[in-house]
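[1] here are the coordinates; sequence isn't available:
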């Protein structure tokens, strides 16, 4: 079992170009499943059937795992068996007819234009770290890059003259992301001043480096955003994917075509992108309810308007 798992992890890293976060989660989920099979004295190659899976699902429910965690675990197991079929280790996928629990569709959180402006202005660009952080924040917001994509960026992938970058996303798919003049200006300053000082004579292809001259880690980017949010007094939890949500939401608010946003985000399916249309619709509804004097009913006057944020229940969605 362990040998098969190790081979699958190498496959995810090398052939599927999965992020370290994905590999870590899949390994953890599969170790739990394989541990269950070992306890039940069931072989992963040939003895796993629907009954075994139903018992495992019952165990997960007994542990009080939320639906999202169960769905992720089933996804990992399903993907693992697809790999085993490909390698001719097994002939069929026991999860082929097993569906994941239906998840509640939650609207992605995002920052307002004002909040985003405050965050972008937070770094002190008189220091090398501040120049790096300014470029990092500007690029995250301008491009909608995933965390794993931006930390893997190399200098050769940038084309500042064309205001674009070529990135490798999920499933080793290459795409071009765009950036505006503020992001280009921040990157030019960082490349001319901040990055050479951080490198201190060292050499690396990485675009974003730490104070030791090595590639910036994902965890460090998360901490950078958290610290700047604290500095400017943002009460929201700020993390790299929040800037990706903000990028998509602001594009659609500005009239961008959904297909264009899908391409820029690197979504394989339009369904993944459509969630942002619900965000913009809910925002439009809030503005209407707050601003129109007769939006809440004929008996209500302007003084009876609810403040923005009180009408989430009217949208039918909850925001995280």
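    It's in. Keep in mind the model is a prediction, meaning the values are calculated, not measured.

[2] helix/strand/coil for residue 145?
    Here residue 145 is recorded as coil under DSSP: H, G, I helix; E, B strand; the rest coil.

[3] quick check: it vs residue 248, distance?
    12 Å (Cβ to Cβ, to the nearest Å). Glycine gets a C-beta too; all of them are placed from N, C-alpha and C.

[4] hmm, residue 178 is touching residue 163, no?
    Yes. With contact taken as Cβ atoms under 8 Å, residue 178 and residue 163 are classed as touching, separated by 6.2 Å.

[5] which residue is nearest the middle of this structure?
    With distances taken as Cα atoms, centre = their mean, residue 241 lies nearest the centre of the chain, 4.3 Å away.

[6] from residue 146, how far out is it?
    Look at residue 241 and residue 146: by Cβ to Cβ, they are 7 Å apart.

[7] swap in residue 42?
    36 Å.

[8] neighbour-wise, which of those two wins?
    Neighbour tally, residue 42 and residue 146, criterion other Cβ atoms under 10 Å: the higher count belongs to residue 146, 21 against 16.

[9] now do the same for that one: its pLDDT.
    At residue 146, the pLDDT value in this model is 92.

[10] what is the neighbour count of the residue nearest to it when sequence neighbours are not counted?
    Computed as Cβ to Cβ, 6 or more residues apart in numbering, the closest residue to residue 146 that is not its neighbour in sequence is residue 244, at 6.5 Å. Each residue near residue 244 was counted by other Cβ under 10 Å, and the total is 22.

[11] flag the shaky bits of the stretch 201-320 of the chain, pLDDT-wise.
    282-284, 287-288, 291-292, 294-320 (pLDDT under 70).

[12] helices of that one, start to end?
    218-231, 240-253, 258-265, 270-291, 312-315 (DSSP state H, counting those that start in this stretch).

[13] and of those helices, who's closest to residue 58?
    helix 270-291 (29.9 Å; Cβ to Cβ).

[14] next, the buried residues of that closest one.
    By neighbour count on 16 or more other Cβ atoms under 10 Å, the buried set for helix 270-291 is 273, 275-276, 278-280, 282-283, 286, 289-290.

[15] equivalent analysis for stretch 223-238, please.
    Quick answer for stretch 223-238 (16+ other Cβ under 10 Å): 224-225, 228-229, 234, 238.

[16] where do the helices sit along the stretch 1-150 of the chain?
    Counting by DSSP H, counting those that start in this stretch, the helices of the stretch 1-150 of the chain are 2-14, 20-39, 50-62, 67-86, 113-120, 128-143, 147-151.

[17] from the contact counts, what lies against the first one?
    Put plainly, it is helix 2-14. When contacts are defined as 3 or more Cβ pairs under 8 Å, 6 or more residues apart in numbering; DSSP states H and E, helix 2-14 sits against helix 20-39, helix 67-86.

[18] repeat for the fourth one
    Using 3+ Cβ pairs under 8 Å, 6+ apart as the contact criterion, the secondary-structure elements in contact with helix 67-86 are helix 2-14, helix 20-39, helix 50-62.

[19] likewise for the third one?
    If contacts are counted by 3+ Cβ pairs under 8 Å, 6+ apart, helix 50-62 sits against helix 20-39, helix 67-86.

[20] relative to helix 67-86, how tilted is it?
    150 degrees (axes from the mean of the first three to the mean of the last three Cα atoms, to 10 degrees).

[21] for helix 50-62, list every residue counted as buried.
    Applying 16+ other Cβ under 10 Å to helix 50-62 flags 53, 56-57, 60 as buried.
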